[in-house]
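Colleague: Sequence first, then the predicted structure, then my questions.
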Amino acid sequence: MTNYRWLICAMLFLATTINYMDRQVLSLTWKDFIAPEFHWTDADYGRIAAIFSIIYAIGNLFSGRFMDWIGTKKGYLWAIGIWSLGACMHAFCGVATAQWLGLESKAELINAVGTSTAVIASVSVWFFIVCRIVLGLGESGNFPCAIKVTAEYFPKKDRAFSTSIFNSGSTIGALIAPICIPLIAKYYGWEMAFIIIGAIGFVWLGLWVFIYKKPEECKHVNKAELDYIQQDSETTAGHSPSGEPEGGKGQSIPFLRFLSFPQTWGIIFAKFFTDGVWWFFLFWIPAYISDVYGLKADNPTAMLLIFVLYAITMLSIYGGKLPTIIINRTGQHPYDARLKAMFIFTLFPLLTIFAQPLGSYSYWFPIILIGLAGAAHQSWSANLFSVGSDLFPKEAVGTMTGINGMAGGISSFLINWISGYLFDYADQTQMHFLGFTGKPAGYFIIFCYCAIAYLLGWILLKAFVPKYKAVSYK
C-alpha cells in the first residue's frame with residue numbers, strides 16, 4: 001500500500017503552521033515594538049484581536065460552504081493567497097498612519113504627546129484592523145479545507161490522528177514564532193517580521209498546485225491505499241453503504257437545515273465555550289509575561305518561556321491517537337471512543353486555576369500549567385473537528401467545519417474584547433480579586449474561566465448528541 005495520504009497530511013500541517021505564524025506576528029510585536037510607536041493601550045489591542053476574531057468567525061461560516069462548492073485544491077489556493085497578502089499588508093500600517101496624519105517620520109509618531117497620541121492610536125488601529133480583516137478572511141478557509149481534505153484522504157478511524165498531526169501545526173507555528181519574530185522585529189523592524197513570515201505562504205502555494213489531487217484521481221495512490229481510504233462502508237442513517245449521502249452522490253444539505261440538527265448545536269456549543277481559551281493563550285500570553293513579570297518579547301527568558309509553553313502543547317499528538325487506541329482495545333464506535341477521550345481532555349485545563357497563585361512563586365508554574373491546558377485544547381479540538389466528519393456526510397464536512405469555526409471565532413471575539421478592557425480597568429482601578437491586584441487580578445479572572453470551559457463544552461456536546469447518530473436529511 002502506498003502512503004501518499006501522509007504527504008497530503010504533511011502539506012496540511014505546513015499550511016496550519018504558516019497560518020499560526022502569520023497570526024502570531026502581531027501578538028509577539030504589539031506590546032514592545034508597535035504599541036510604543038502608536039501609543040496603544042490593552043483595549044486598543046483587544047479591539048484589533050476581537051475584530052479579527054469576528055471576521056474569522058463570519059469567514060468560517062461562508063468559507064466552509066465555499067470549500068464544499070469550489071473543492072479543496074482551488075479553495076486552499078484562495079485561502080492561503082488571501083491570508084498571506086493580508087499578513088504582508090500589516091507592514092505598511094506605519095507608513096499609512098504617518099501619511100494620513102501628515103507626519104514625515106516614525107520619530108514624530110513616537111514622540112507625539114498630549115491629545116495627538118489618541119489620534120495616532122485611533123488611526124493606526126483602524127489600519128491594522130483592515131489588515132486583520134484580510135488576514136481573517138483568508139485564514140478562515142484553512143480548517144474547513146483541511147478537514148475536508150482529511151475526510152477525502154483518511155477513513156473515520158484515522159481522522160482524529162491525522163487531524164491532530166496537521167492541527168499540531170498551530171502548536172509548531174506558535175513554537176517557532178517566539179524564537180524568530182521578536183528577533184526579526186528587533187534587528188530589522190517589526191514591519192519586516194510581517195513581510196518575511198507572510199511571504200512563506202506564497203511558497204506553499206506553489207507546492208500545493210503540483211502535489212494535491214483527489215485520491216481517486218492521484219497516480220501516486222494505488223488501489224490498496226484507495227481501498228484503505230474508502231473502507232467506511234457501513235450503512236448509517238442518512239448515508240448509503242458507499243458512504244455517500246442518501247439521494248445520490250454530490251447531494252448537499254441546504255444551509256439552513258444545519259441549524260435543525262442537534263448534532264450541529266452540540267458541536268457549536270462545544271466549540272464556543274472552548275476555542276476562546278486557546279485564542280486567549282495565543283494572543284495574550286506574551287503580554288502576560290511582559291505585564292506580570294516584566295519580560296519583553298525579545299528577552300531571552302521570555303522567548304524561552306513561550307517556547308517551552310508551546311513545546312508542552314505538542315503532547316496533543318498523543319491526544320489525537322487516544323480515540324484510535326480506545327477503538328482498537330474496546331471495539332467501541334469512533335464517536336463513543338472520541339467522547340470518552342474528550343472527557344479526559346476536559347480535566348487538564350482545570351489546572352489553569354492554579355496558574356496565577358503558583359505564579360507568585362515562579363513564572364515557570366503558569367507556563368507549565370498553561371502548556372498542559374494548551375495540549376488538552378489541541379487534543380480536544382482535533383477530536384471535535386473529527387466529530388463533525390463522523391456525523392456529517394463528506395459533501396457537508398466543509399460547511400459544518402465552517403460553522404464550527406464560526407462558533408470558535410465568536411468565542412475568541414468575546415474573550416479578546418473583554419480581556420482588553422478588563423486589563424485596562426484592572427490596572428487603572430487597581431482592582432482586587434482573590435488576593436491579586438491590578439492586571440494580575442484581571443488575568444486570574446480569565447484563567448478561572450479557562451479552567452472550566454472544556455467541562456462545560458463536553459457536557460453540552462453529550463447533552464445534544466448522547467450517542468452516535470449520523471445526520472439524516474432526506
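Modeller: Structure's in. What do you need? Residues are numbered from 1 along each chain as shown.

Colleague: ok, longest helix in this structure?
Modeller: If you go by DSSP state H, the chain has its longest helix at helix 394-429.

Colleague: Tell me who's in contact with residue 272.
Modeller: 407, 408, 410, 411, 457 (C-beta atoms under 8 Å, 6 or more residues apart in numbering). C-beta: built from backbone N, CA, C; applies to glycine.

Colleague: Next up, the contacts around the third one.
Modeller: Residues near residue 410 by C-beta under 8 Å, 6+ apart: 53, 54, 57, 272.

Colleague: Same check on the last one?
Modeller: Going by C-beta under 8 Å, 6+ apart, residue 457 touches 269, 270, 271, 272, 273, 274, 346, 380.

Colleague: tell me which element it falls in.
Modeller: helix 439-464 (DSSP states H and E).

Colleague: Taking helix 394-429 as reference, get the angle to that helix.
Modeller: Here helix 439-464 runs at an angle of 150 degrees relative to helix 394-429 (axes from the mean of the first three to the mean of the last three C-alpha atoms, to 10 degrees).

Colleague: List the buried residues of helix 439-464.
Modeller: 439-458, 460-461, 464 (16 or more other C-beta atoms under 10 Å).

Colleague: sorry, back to before: which among the contacts of residue 457 gets closest to residue 221?
Modeller: The closest of the contacts of residue 457 to residue 221 turns out to be residue 380 (C-beta to C-beta; 30.8 Å).

Colleague: ok but the closest one is inside a helix, no?
Modeller: Yes: Residue 380: assigned to a helix according to DSSP: H, G, I helix; E, B strand; the rest coil.

Colleague: Which of the helices or strands spans the nearest residue to it once chain neighbours are set aside?
Modeller: In space, and not counting its chain neighbours, residue 380 is closest to residue 345: 4.4 Å by C-beta to C-beta, 6 or more residues apart in numbering. Residue 345 belongs to helix 334-347 when assigned by DSSP H and E.

Colleague: Please report the distance of residue 158 from residue 54.
Modeller: With distances taken as C-beta to C-beta, to the nearest Å, residue 158 is found 34 Å from residue 54.

Colleague: These two - which one has more neighbours?
Modeller: When neighbours are counted by other C-beta atoms under 10 Å, residue 158 and residue 54 differ, and residue 158 comes out ahead with 22 against 19.

Colleague: So the more buried one versus residue 72, what's the distance?
Modeller: Counting by C-beta to C-beta - residue 158 and residue 72 are separated by 18 Å.

Colleague: shaky segments in this structure?
Modeller: 115, 233-252, 473-474 (pLDDT under 70).

Colleague: one more time with 50, if that's ok
Modeller: Counting by pLDDT under 50, the ranges of the chain that qualify are 234-250.

Colleague: Would you map the strands across it?
Modeller: Ranges of strands within the chain are 432-433, 436-437, based on DSSP state E.

Colleague: mind listing what's buried in stretch 359-371?
Modeller: Of the residues in stretch 359-371, those buried (16+ other C-beta under 10 Å) are 359, 363, 365, 366, 367, 368, 369, 370, 371.

Colleague: Tell me the one of those nearest residue 31?
Modeller: In terms of C-beta to C-beta, no member of these lies closer to residue 31 than residue 363, at 16.1 Å.

Colleague: Let me see the contact set for residue 142.
Modeller: By C-beta under 8 Å, 6+ apart, the residues touching residue 142 are 15, 16, 19, 79, 80, 83.

Colleague: ok, back up a step: between helix 334-347 and the helix holding residue 457, find me the angle.
Modeller: 160 degrees.

Colleague: from the middle of its chain, how far away would helix 439-464 be?
Modeller: 17 Å (C-alpha atoms, centre = their mean, to the nearest Å).

Colleague: Kindly report the same for stretch 267-278.
Modeller: The answer for stretch 267-278 is 11 Å, by C-alpha atoms, centre = their mean.

Colleague: Buried residues, it. List them.
Modeller: Counting neighbours by 16+ other C-beta under 10 Å, one finds that the buried residues in stretch 267-278 are 267, 268, 269, 270, 271, 272, 273, 274, 275, 276, 277, 278.

Colleague: Count the residues that sit near residue 301.
Modeller: 12.

Colleague: which phi and psi does the residue lying closest to it once chain neighbours are set aside have?
Modeller: Computed as C-beta to C-beta, 6+ apart, the closest residue to residue 301 that is not its neighbour in sequence is residue 295, at 5.4 Å. Note on residue 295: its backbone torsions stand at phi -100, psi 110 [degrees, to the nearest 10].

Colleague: From residue 18, how far off is residue 295?
Modeller: For residue 295, the distance to residue 18 equals 27 Å [C-beta to C-beta].

Colleague: quick one, which of the two is more surrounded?
Modeller: residue 18 (26 against 21).

Colleague: Next up, the contacts around that one.
Modeller: Counting by C-beta under 8 Å, 6+ apart, residue 18 has contacts 80, 84, 169, 173, 200, 201, 204.

Colleague: Next up, the contacts around the first one.
Modeller: Listed by C-beta under 8 Å, 6+ apart, the contact set of residue 80 reads 15, 18, 19, 138, 141, 142, 201, 204, 205, 208.

Colleague: who's in contact with the closest residue to residue 446 other than its chain neighbours?
Modeller: Spatial nearest neighbour of residue 446, excluding adjacent residues (C-beta to C-beta, 6+ apart): residue 419 at 5.8 Å. For residue 419, the contacting residues are 42, 46, 280, 284, 442, 446, by C-beta under 8 Å, 6+ apart.
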